[in-house]
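The sequence isn't on hand, but the structure is:
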């Protein structure tokens, strides 16, 4: 978010910055952070095989809904499911 409290820091995306600043060390968050990083920064740093599919889902959610609350609700379901499959 432009001028938000949290934003990119160096080569970290906002989600990675949040994890670091809040000292969240849950191993289930690592693969999610890697996918979010590659989707956001488009640098293919982590190249997780599932990233392209998650990116497609997120783009589809954005295309289906113009309302941010709806986007967040549906996107949260996707990321909650990724979190539930803990490594």
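Perfect, thanks for sending it. All values reported here derive from a predicted model rather than from experimental measurement.

Would you mind listing the buried residues in the lengthiest helix in the chain?
In the chain, with assignment by DSSP state H, the single longest helix is helix 68-84. Across helix 68-84, burial judged by 16 or more other CB atoms under 10 Å covers 71, 74-75, 79, 82. For glycine as for every other residue, the C-beta is placed from the backbone atoms N, C-alpha and C.

Return the residues in contact with the residue nearest the centre of the chain.
Centrality entry for the chain: nearest residue to the mean C-alpha point is residue 36, 3.3 Å, by CA atoms, centre = their mean. Taking CB atoms under 8 Å, 6 or more residues apart in numbering, we find residue 36 in contact with 13, 15-16.

mind running it again at 7 Å?
By CB atoms under 7 Å, 6 or more residues apart in numbering, the contact set of residue 36 is 13, 15.

Report the separation between residue 66 and residue 73.
Residue 66 is 13 Å from residue 73, where distance means CB to CB, to the nearest Å.

Ok, residue 82 next?
Taking CB to CB, one finds residue 82 at 16 Å from residue 73.

Same check on residue 39?
Applying CB to CB, the value for residue 39 to residue 73 is 19 Å.

do residue 11 as well
Separation of residue 11 from residue 73 (CB to CB): 30 Å.

Am I right that the residue nearest to the centre of the chain is in a strand?
No: membership of residue 36 in a strand is not supported by DSSP: H, G, I helix; E, B strand; the rest coil, which gives helix.
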